[in-house]
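based on what follows, work out the 3D shape:
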Amino acid sequence: MYFHKLNELILLALVDPKTAIVVSDTSIKNQVATFIAHIHIHDIPIVKTVHYAVNVTFIKAKLFVIRCGLNQTTQLTNIEHIIVVTDSIHTAKKIFNSSIHLYQVQTLSISKELREFFIRNHHNSIEFWDYLSQDK
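Okay, here's the model as predicted:
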């Protein structure tokens, strides 16, 4: 059921040229984090970004890859709807947490980019979809 809904969402988004899909993935092995962000618009892969970092926490890595994807997507002027697909929805929720926490610098930066995206057009929207990384 879950994958059916995700597949349906992706198929609907791929026919709309004003919707961007940001798929983020992060893995950490031997204290080296690999961050990958894929951005698709319509049915065309626009950007694939790969970053590496040493000695970062898992949450910091997840926030970084979401930030990279959103940063690149919000710069596209014709995009009105962003769908972020991540295997760490609990980390993505930190973006909207206004209380004091360890990752506030990263979340404030993401919030600033999203604020500019929403100011550009009051109809703009974003949604986050969770997927289980072991089910890729």
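
gap between the residue lying farthest from the centre of the chain and residue 87?
Note on the chain: the largest C-alpha distance from the chain mean falls to residue 30, namely 24.5 Å (CA atoms, centre = their mean). Computed with CB to CB, to the nearest Å, the distance linking residue 30 and residue 87 is 20 Å. Every C-beta, even on glycine, is put in place using the N, C-alpha and C of the backbone.

so which residues of the chain form helices?
2-14, 58-74, 89-92, 104-120 (DSSP state H).

how about the ones you listed in JSON lines, adding distance to residue 23 and mean pLDDT?
Listed next are the helices of the chain as JSON lines, based on distance: least, CB to CB, whole Å; pLDDT from 0 to 100:
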{"stretch": "helix 2-14", "distance to residue 23": "9", "mean pLDDT": "70"}
{"stretch": "helix 58-74", "distance to residue 23": "8", "mean pLDDT": "86"}
{"stretch": "helix 89-92", "distance to residue 23": "13", "mean pLDDT": "78"}
{"stretch": "helix 104-120", "distance to residue 23": "16", "mean pLDDT": "85"}
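
and of those, who's closest to residue 129?
Proximity to residue 129 (CB to CB) singles out helix 2-14 among those, at 6.2 Å.

need the contact list for the spatially closest residue to residue 106 that is not a sequence neighbour.
In space, and not counting its chain neighbours, residue 106 is closest to residue 63: 4.3 Å by CB to CB, 6 or more residues apart in numbering. When contacts are counted by CB atoms under 8 Å, 6 or more residues apart in numbering, residue 63 touches 91, 94, 95, 103, 106, 107, 110.

bridged to the residue lying closest to residue 50 once chain neighbours are set aside, which residues?
In space, and not counting its chain neighbours, residue 50 is closest to residue 36: 5.3 Å by CB to CB, 6+ apart. Counting by DSSP bridges, residue 36 is bridged to residue 25, residue 50.
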